[in-house]
Every structure is written in structure tokens, then in C-alpha cells.
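Asks: one predicted model, sequence on top.
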Amino acid sequence: MGESLSTFKIRIIGLVQGVGFRPFVYRIALQNSLLGTVDNRNDGVIIEINATKNQCDKFVYQIDNQAPQASVIERIEINEIPNKQFPDFRIIKSDNNEIRDEITEVSPDIAVCDACIEDVKSQKHRINYLLTNCTHCGPRFTIIKQLPYDRPNTTMADFKLCEICHDEYTNVMDRRFHAQPVACNSCGPIYKLYSNGNIETNVDSIICEMATIIDNGGIIAVKGVGGYHIVCSALQSEAVNRIRAIKQRDAKPMAVMYANEDALLKYAYADSSQLELLNSWRRPIVLLKAKYKFHKSVSSGFTTVGSVLPYMPLHYALFEQCNSDAIVLTSANIAGAPIIIDDNIAVSFFADKVDAVITYGREIHNRVDDSVAYTVNNSPRLIRRSRSFAPSPIRINFDVDGILAVGAELVNTFCLGRKKQAIPSQHIGDLKNAETLEFYQESIERYSDLFKFKARAIACDLHPDYMSSKYAAQQNIELVKVQHHHAHMASCMLENNISDNVIGIILDGTGLGIDGNIWGGEFLFGDYSNFERISHFSYIPLPGGDMVTKEPWRTAISYLYKVYGRDLLDLDIPLIHEIGKDKISFLIAMIEKGINSPLSSSAGRLFDAVAALTGICINSSFHAEAPMRLQDVITSENISESYSYSVDGSTINFDIMIQEIVSDLSNNMELGVISQKFHNTIIAVSINMCQEISMTKGCNKVVLSGGVFQNDFLSSKLETQLTNKGFDVYVHNKVPANDAGISLGQIAIAAHKLRN
Ligand code: ZN
Ligand code: ZN
Ligand code: FE
């Protein structure tokens, strides 16, 4: 009382576009009877209000605490400015082009919110309208063709709003104010079910039929947010095997969607950090320890299960009708090709393969897969960054404008640089697949159009044979070649905003080194501009080259040969009997003559070798199966023993460890114990190297990157122990530690090299 009003300028920085932030601010201002304006600009949301200091603080507090679920407030700046008068509170469109760049941020897709699920049950014009959404939820990136994010620029352009929807769309107090995809039963796209040549369009019948098919052990292709899924009961192994037959070559564990959190906890263990991730608006698939022993057709024999909660109205409606409370939900991608998004292709391709195909009339413009996450020491990590993450930028503290980073080869992503933002693409896939390569090129074009991006330089991997490197070479633009593991290190530095020197522990599958060998067990020191390779796992020939990833036994034999020479043939361990002496002798000849046996220091290959040596995984049917199985056999966490290794100059030698493992195998030691001792060895080596580098370089910062860090046992123990030893440990939270993170590292390195 009596306190005079001042004018405050409040700037909110973060992901605040396309998520209903301005109407939200408007409603809070109205609640507090404040006069002023709110404006959405490229550098953030700008609010000006007349208020007392207390009113302003309360207003900002409410904004910070009640913000729409999909917004991310990174920073709020409050400044008092010269007094202004406002007649009311309004949302303005600033017309000053100097301060108002076009809005160039695109929100990722958002899981349906609780209020919309409620509307589907109670709102007259939306009863069972399964494409219901509001300003706080629904599709975004998947439907946008062009900026700005307005309905005519989305795949909803052809659907004219009915009067009721139009009222909602234009009423600032309504939850659907400016919700671009808003629609209802009378004006929106509809679901259709195709089966046996019939088309069903009644939504109640569709849900009923869908539930019946699933409960009776059938399979269905159903359109999701970013592409088609194939679904069936998770408890009917014959149905799951039918899905596997359709997908071909895919022996990976399947993800399971549960009716709700209670159902999930029946089948899997989840702690509070995992539940938070599962329930977040991004609804990723989260890897959990299974409580229920799923059939091998679902789990591929793993003790974990990829778990996800419903995120579309259809999912909720289905579980209300279905007796099954756990369904397999797997992306409809065939033999490594991208996930199917086209309705005509889906209907014709699946017609004779599934029991029903369910489509809806809103076109998917940008394809996204389900994102996949896990937790390490209660913090979320990504394996696949796609739905509900892309195309969010990563804000950094230097300029990467005009740089296109084309990424690696497997689990590829690319990355665009816009001023101080790196924009990684969604998960693209394996570029060796021709259709995936097409998707890759199309996506680079689409991102370039969408973000009005023109590359002035391209960053690519050192490996000339990667399809991404070939693509880069064809573009006739200044090219910066980046060593793969330097890129891993830089990727982790960039997302943690570190610019000075770091120790990089890079445990990875493959990547071409500057000496022409294949690297992957690397201890680096450096920054974005330069790096030194301080030490690495000792080189081992990989007889058969690329074949070793599918046949880990080859790498195991190579390690045995290094230790025992030809005497390895006399070892009395299962691997030797299983492969047979003829095949092994042939392999030895290859190694001795150096035929197709490139040298590698890869950590991933060492994991492969130990998985094969122990008989846990001799042949691999999907990427990284061997290390995943090796980790999966660990049953308790309290074995502290490890194996021996030696350090010879800059090489780390595991010969003694191989001997000790052979001896443990001969003594019939439990495989879980052997595996754990092996993991402990890798942890011990890493800490040891870190301490040595830290002593000589006087550096305390460690970044962990590379595909091997998807191993949560290794990650959690190493992070904890390094932290306990006083290191500042930085890990990947924003992009995956695997090769999906490479493009982010490439862009950072290229920006620095171009500057010098
Ligand atoms: Zn909603
Ligand atoms: Zn309508
Ligand atoms: Fe890699």
C-alpha cells in the first residue's frame, strides 16, 4: 500500500515458443490485475508490466512455477525501466525488425496432457476425439512444414476450424488459444481401421476392434505421432514373433507400453527418477529392470525391458477397452529402413501381414522415432534422441552459425549451427541403408528450409567411406574433417558448456584414427581446437574387418592369439570347442598374414571379445548385442575384484586379463562374476589413466563419451568413483553418448578450426 508502481521489463529465456507461453503469461497477469504487454521474440519472451516490487516478484514466481509443462525456463532477467503507461494487458506483436527476428524455434511434440484426456471423456464436441490437443500438448515438429508455426504451415492446413473450435482458438482465456492443430469431431481428421478389405470409421468400433484383436493375440499396425507402430499383447509370444517376422533382421528387445503406472510397476522396477522420466511430457521409452519374466520373443533374453507410458489419446482409449495391460509397441521399420509414415504405403504394405491397420487423416511431415532413455545414478541419459526432443536446440556459449555437421554413419544425426545454437536432428539411423540415406538427405534439406539455414562450412568424420562424409564431399563447401573420438569428446564438452582443456575418456566402438588404425579405447587431452592421444588400449588385429561386429568370436580369437599364439587351439574353454579348430586356424592364418585384419584399439571390441570368450555372446544379431549381454549377466553389484592389466608407454595391455579370464573359465567361475571383474578392470584402468593425465597436465575436468557409456553399470560406477577422487566429471545428458552425439562434437570443433 502506498508503494508506487514502477515499470519492469522481464525477459524469459529458454524453450518458450510453441508451448502456449504468451497466453499463459497473459492469464497470470490478468489474475494479478497487472497492466502491460507480453511479446514473443527470438531472444526470449519479453514482458513489460507496471507493478510494485512485491507484485513483480510474485508475478515472476508464478510464471516460474506454473509454466506450461513443455516449456523450459533457463533464465529470467528483471530490469526496472523508465515509466510507461499501459491501458490493459495485451499480447503484442513487435514490429521492430531489428529486435524481432522471425521466431525460429520449433517446439518438439508433446504427450497429450491430462486436461485433454479429460476433454475426450467430457467435452461434447470431443467425446472420443482421439486427436485432441491443446496449447500445452500435441503434435508440433511432426506436422510443421514451414515457419512460423501457424496452422497454414502445418499438415492441418486443409482442415477448416468449425465455429466452436474457432472460438476456442481465438479466446485468449481458452486452453486452446492459438493451439495450431486444434480440431474436434466435427472439423478434424478422423481415424480409420482397415481390415479384410473393410474400412471402419466409427471411433468406438475402431477402439473395440483394436482391443479385441490385441486380446485375442493378433497384431495391428497403428499410426503414432511420428510414424507407424506395430502392436500386440506383450504376453502373447506368437503375436510378437509375427511382428519380428515382418520387421526382419531385428532381434533387438521390444519396447512395452503399459496401461498406466500401476500396470508398469507390475512388470518392471522403477525408482522415482525413472518414474519422473516415464511420466514426463516427452514420454520416452525408459530401460528398466524387468520384474516379470517376459517371453524371449519380447525381451530377447535380457533382464531389462524398454518401458513406456501412453502418450496419445488413442493409447488411453485402447487400454480402457483392452484386457491386456502391457502391449508390445515397436516402430514399423522394416530391415533397417526408416519408420513408415505414409498412410498408403502402410495400408498396402501391411494389408496381408497384420490383422488391422489403423490410420488417421493428419499427415506426418517430419518422421520421428520414439526416444529411448535410461538413468545413471538417478540422472536421465539418452540412447536415442527423437520424438519430443527434436528439433530443440542446444544453447551454447560461442557462435556456430552456418556450419552443417553431417555426423557419423550408424545411429546418425546431423546438426545445424544457428548463431549460438546447435540444432541436432532427430535420430536418422544407419546410413548404409539406402532408404535411410534418402531420409537423411531429405531431412537436411527440410531443416535447412525450416530454419532458413545456408551452410557456409561442413564438418564431417575423418572416415572417407561414411555415407555422411561422401555426402559432405559432394557439397562443394569448405570442409572440416574431424577425428571421431575428438568429436565424441567435444560433444560432451559442448553440451556441458566447457571450453578449456579436459581429459577425455572415450570408450567407443569404432572410429578412424589419425594414424589410419581403428580407435575406440582412448584417453585424450585437449580442447575443441586440439587434442593429444595420451594413451589407448593396445592394438589388436580384427580378422575379417567389419565382420567382427557381427561375429565377436573373431575378436576373442584375436585376443587369445595375442596371448597364447597357436597354443590357443589347446585351450579347454567352450569357445574353442564351439567354433571348431578349422575355422580358428583359418582365422589365425588371416591374422598372421595380415589379410583383412585392420588394427584396432576399440573398447567396444574388447567388450565383444570378453562376451565371446565367456560364451555369453559368440555371434551378434544386432548392434552392440555382445556388450549388452555381457553387462546383463551381472547379478550382484558387490564384487570388488578386478583383473590385471599393464601399461606400456602409451598403450594399455590386457594380455594378463585375458589369461586370468581363461583361468576363471577353466575353474567354472560364474559368468556374472567374471563379467563384473571385467567391468571393474575397465573402471580401474580409466581411473588410473585419469589420475596420471591429471598429474602431468594439471587438469581436473573429465568428460566421458562413446557408445560404451550406454552401459549403465560401467557409467554409474566410474562416475561415482571419479567424483569421489575429486574429479569434475561431465557426462552426456542432452545427446546420446553414442554416435548420435558425433554431429554435435563436429560442429564445435569446426567452429574453432574455422576461426583459427
Ligand atoms: Zn492438452
Ligand atoms: Zn471443431
Ligand atoms: Fe563412436
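Replies: Cool, the structure landed. Ligands and ions are numbered 1, 2, ... in the order given.
Asks: list the buried ones in stretch 252-266?
Replies: The neighbour-count check on stretch 252-266 (16 or more other C-beta atoms under 10 Å) flags K252, P253, M254, A255, V256, M257, Y258, A259, A263, L264 as buried. The C-beta positions use only the backbone N, C-alpha and C, and glycine is treated the same way.
Asks: no, scratch that, I was asking about stretch 662-672
Replies: If you call a residue buried by 16+ other C-beta under 10 Å, then stretch 662-672 has these buried ones: V662, D664, L665, L671.
Asks: who does the helix or strand hosting T359 pair up with?
Replies: Using DSSP states H and E, T359 sits within strand 356-360. Here strand 356-360 has these sheet partners by DSSP bridges: strand 191-195 (antiparallel), strand 220-223 (parallel).
Asks: for G2, give me the pLDDT.
Replies: At G2, the pLDDT value in this model is 51.
Asks: closest one of the buried residues of stretch 662-672 to ligand 2?
Replies: The closest of the buried residues of stretch 662-672 to ligand 2 turns out to be L671 (C-beta to the ion; 59.8 Å).
Asks: name the nearest residue to that closest one, ignoring sequence neighbours.
Replies: With C-beta to C-beta, 6 or more residues apart in numbering as the criterion, L671 has its nearest non-adjacent residue at 4.9 Å, and that residue is V633.
Asks: so what's the one you found up against?
Replies: I616, L671, G672, S675 (C-beta atoms under 8 Å, 6 or more residues apart in numbering).
Asks: OK, contacts around L450?
Replies: Applying C-beta under 8 Å, 6+ apart, we find L450 in contact with V106, I144, Q146, L147, P391.
Asks: pull the most distant pair out of those residues.
Replies: Q146 and P391 (13.5 Å; C-beta to C-beta).
Asks: so between these two, which is more surrounded?
Replies: P391 (23 against 14; other C-beta atoms under 10 Å).
Asks: retrieve the pLDDT associated with that one.
Replies: Note on P391: pLDDT of 95.
Asks: now it: how far from I230?
Replies: Computed as C-beta to C-beta, to the nearest Å, the P391 to I230 distance reads 26 Å.
Asks: before we move on, what about G565?
Replies: Taking C-beta to C-beta as the measure, G565 falls 50 Å from I230.
Asks: more crowded one of these two?
Replies: The residue with more neighbours, out of G565 and I230, is I230; 27 against 11, by other C-beta under 10 Å.
Asks: list the residues that contact the more buried one.
Replies: Applying C-beta under 8 Å, 6+ apart, one finds that I230 lies in contact with I219, I220, A221, V222, I243, I246, K247, V328, T330, S331, A332, V354.
Asks: again, 10 Å this time
Replies: If a contact means C-beta atoms under 10 Å, 6 or more residues apart in numbering, then I230 has 219-222, 239-240, 242-244, 246-247, 254, 328-333, 340, 350, 353-354, 357 as its contacts.
Asks: same deal with R176?
Replies: Each residue near R176 by C-beta under 10 Å, 6+ apart is listed here: 20, 23, 116, 119, 132-136, 138, 164-165, 167-170, 182-184.
Asks: hmm, 7 Å instead?
Replies: C134, T135, E168, Y169, V182 (C-beta atoms under 7 Å, 6 or more residues apart in numbering).
Asks: for the longest helix along the chain, the distance to its chain's centre please.
Replies: With DSSP state H setting the assignment, residue counts place helix 671-697 as the longest helix in the chain. A distance of 27 Å separates the C-alpha centroid of helix 671-697 from that of its chain, computed with C-alpha atoms, centre = their mean, to the nearest Å.
Asks: cool, stretch 528-544 as well?
Replies: Distance, centroid of stretch 528-544 to centroid of chain: 26 Å (C-alpha atoms, centre = their mean).
Asks: report the mean confidence score over it.
Replies: 98.
Asks: what does stretch 587-597 give?
Replies: On average, the pLDDT along stretch 587-597 is 96.
Asks: gap between the residue nearest to G20 when sequence neighbours are not counted and R90?
Replies: With C-beta to C-beta, 6+ apart as the criterion, G20 has its nearest non-adjacent residue at 3.0 Å, and that residue is T135. For T135, the distance to R90 (C-beta to C-beta) stands at 17 Å.
Asks: give me the more crowded residue out of these two.
Replies: Set side by side, T135 and R90 show unequal neighbour counts under other C-beta under 10 Å, the larger going to T135 at 26 against 14.
Asks: right, and that one touches A179 too?
Replies: Yes - because the distance of 4.5 Å satisfies C-beta atoms under 7 Å, T135 is recorded as touching A179.
Asks: what residues does this structure put near ligand 3?
Replies: Of all the residues in the chain, those in contact range of ligand 3 (C-beta under 5 Å from the ion) are D508, G511, D739.
Asks: I'd say G188 and L131 touch.
Replies: Yes - at 5.6 Å, G188 counts as touching L131 under the criterion of C-beta under 7 Å.
Asks: who's in contact with the helix or strand hosting F586?
Replies: F586 is part of helix 581-593 when elements are defined by DSSP H and E. Applying C-beta under 7 Å, 6+ apart, the set of residues contacting helix 581-593 from outside is P541, P543, R554, I557, S558, Y561, R566, L569, I576, N596, S597.
Asks: buried sites along it?
Replies: Of the residues in helix 581-593, I584, L587, I588, M590, I591 count as buried by neighbour count, 16+ other C-beta under 10 Å.
Asks: kindly provide the distance from the fourth one to ligand 1.
Replies: Using C-beta to the ion, to the nearest Å, one gets 60 Å for the distance from M590 to ligand 1.
Asks: tell me the SS of the nearest residue to L34 once chain neighbours are set aside?
Replies: Setting aside the residues directly before and after it, L34 is nearest to I49 in space (C-beta to C-beta, 6+ apart), at 4.8 Å. With DSSP: H, G, I helix; E, B strand; the rest coil as the basis, the three-state label of I49 is strand.
Asks: what number of residues lie near I49?
Replies: Count around I49 with other C-beta under 10 Å applied: 25.
Asks: related to what we said a few turns ago, take the residues of the chain next to ligand 3 and keep only those in strands.
Replies: Mapping the residues of the chain next to ligand 3 onto strands (DSSP state E) picks out D508, G511.
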